[in-house]
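1. Just to be clear, the model below is a prediction. Sequence and coordinates:
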Amino acid sequence: FSTKQGDGWPELPMLHYLLARTAYQAGAYPVAMQAIHSALAAWPDESRWQELAAHIYLAQDAAAGLPDRAQAIRHLDQAVTLEPERAASCLALGQLYLEDGQLPRAIESLQQASQLDAAQPKVWIALAQAQYAAGELDQAAMSAERAIEGNPDPAEALLLRGRIALQTNNPRGALSR
């Protein structure tokens, strides 16, 4: 069975996407990469496909030239452009920007994610970390507090909130966290 035009079958980009997803889950990253490229060549405006491509590019496979963070960022940026109301894509993009030290972009993307999914503690802790790294301590403190609220495991947010309190000369606040 072929998915290429000219073999008597119409082009089936969905089949390529499903192959990419299955190969990614199985750890067959070169197959996943080839399949997602075929899918995106036909339908480049599929945000979830762009997101899958980013995940493939973040996989650990030195033989396949992975991870490739620049390509992952490119695909996630495209996914956010295509579907700006998807908090998961905004969060993933913001975290990559944060890890790469691109703080203004990280904050922008994470603020977007926080507006889309205000109940998600992971969004708030990532935003607090980005703001803290950028020296925006007041905003970082507010974001860390949001990460603590309703979080079943707030240890990371509590530690960050304590560091912020120490940096703002509030040792009692740090101790309480």
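-> Received, thanks.
2. where does this structure dip in pLDDT?
-> Scanning the chain for pLDDT under 70 picks out 1-10.
3. Just the element for the residue lying closest to Trp124 once chain neighbours are set aside, please.
-> In space, and not counting its chain neighbours, Trp124 is closest to Ala147: 3.7 Å by CB to CB, 6 or more residues apart in numbering. All C-beta spots, glycine's among them, are computed from the backbone N, C-alpha and C. Element membership for Ala147, per DSSP states H and E: helix 137-148.
4. gap between that helix and the chain center?
-> Helix 137-148 sits 20 Å away from the centroid of its parent chain (CA atoms, centre = their mean, to the nearest Å).
5. pull the CA atoms of that helix into CSV?
-> In CSV, the C-alpha atoms belonging to helix 137-148 read as follows (Å, rounded to 0.1, in the frame of the first residue of the first chain):
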residue,chain,number,x,y,z
LEU,A,137,10.4,39.7,41.1
ASP,A,138,7.0,41.2,41.9
GLN,A,139,5.4,39.4,38.9
ALA,A,140,7.3,36.2,39.7
ALA,A,141,6.0,36.3,43.3
MET,A,142,2.4,36.6,42.0
SER,A,143,2.8,33.9,39.5
ALA,A,144,4.5,31.6,42.1
GLU,A,145,1.5,32.2,44.4
ARG,A,146,-0.8,31.2,41.6
ALA,A,147,1.2,28.0,41.1
ILE,A,148,0.9,27.2,44.8
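6. And it, what's buried?
-> 139-144, 146-148 (16 or more other CB atoms under 10 Å).
7. before we move on, what about stretch 39-55?
-> By neighbour count on 16+ other CB under 10 Å, the buried set for stretch 39-55 is 39-40, 42, 46-47, 49-55.
8. before we move on, the earlier item: if I pick the residue nearest to Trp124, what's in contact with it?
-> Neighbour list for Ala147: 121, 124-125, 128, 154, 156-157, 160 [criterion: CB atoms under 8 Å, 6 or more residues apart in numbering].
9. cool, and Ala88?
-> Counting by CB under 8 Å, 6+ apart, Ala88 has contacts Glu51.
10. State the distance from it to Ala39.
-> Plainly put, Ala88 is 19 Å away from Ala39 if you go by CB to CB, to the nearest Å.
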